[in-house]
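Q: Provided below are the primary sequence and the corresponding predicted coordinates.
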Amino acid sequence: MTGEEGKGNKFPSLTAGIRAHTGRLLAYALPSGTGNPAQAALIDTFSLRRRSLGQPAYIAEVAAALEDVEGVITATVKTFAIPDDSAVLRVALTGSAKSAYFPHPNQVISVDPASAGADMAVKVEAV
C-alpha cells in the first residue's frame, strides 16, 4: 500500500506491487509514440480531449478502437477495469464481467498518456 491507510494503491503481494510500480516507471521512461499501434489507438480513443463529462466508457469502445487499427481483424477484450470502481456512479456487468463504467456528471473517464503503457496491456497475435 502506498500513502495513508485507505488511500493509494493496494496490491495482493509485494511482487505484484513491484511489478505495477516498475511498469509505471517504464511508461514514464518510454519516449512518446513508442507503444504499438493498438496501444496508440486506445490512448487516442480514451484521451482527455476525446472524452466528455459524464460520458460512459464501454468495453465495446475498446474493441472498436482496436479493430480500427490497420492489420487488426478482430479484437478480444479480456479485462476492462478502472482503478477504483467505487469512484464512479455505476458499473455495468455482462454476466460477471465489467462491461461499462458510468461516471458522475462531473467526472471524465480517460487514459493518462504518460502512464498508459503501465495501465494497459495489449497482446498482438498473428493470424
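A: Thanks, I have the structure now. Numbers count the residues shown, from 1 in each chain.
Q: what residue ranges in this structure score low on pLDDT?
A: For the chain, the stretches with pLDDT under 70 are 1-35, 116-124, 126-127.
Q: what residues go with each domain of it?
A: 1-30, 35-119 (automatic domain parsing).
Q: quick one, strands of the chain?
A: 57-58, 90-94, 97-102 (DSSP state E).
Q: ranking those strands by burial, who's on top?
A: Mean neighbour count (mean count of other CB atoms under 10 Å) peaks for strand 57-58 among the strands of the chain, with a mean of 18. C-beta: built from backbone N, CA, C; applies to glycine.
Q: still on that earlier bit, would TSV of the strands of the chain with distance to residue 64 be doable?
A: Formatted as TSV, the strands of the chain follow (distance: least, CB to CB, whole Å):
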stretch	distance to residue 64
strand 57-58	9
strand 90-94	16
strand 97-102	13
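Q: going by residue numbers, what spans are helices in this structure?
A: Applying DSSP state H to the chain gives helices spanning 14-29, 37-45, 59-67, 116-119.
Q: what angle do strand 97-102 and the third one make with each other?
A: When you say that, I think you mean helix 59-67. 100 degrees (axes from the mean of the first three to the mean of the last three CA atoms, to 10 degrees).
Q: for helix 59-67, list every residue counted as buried.
A: Within helix 59-67, the residues scored as buried using 16 or more other CB atoms under 10 Å are 59, 61, 62, 63, 65, 66.
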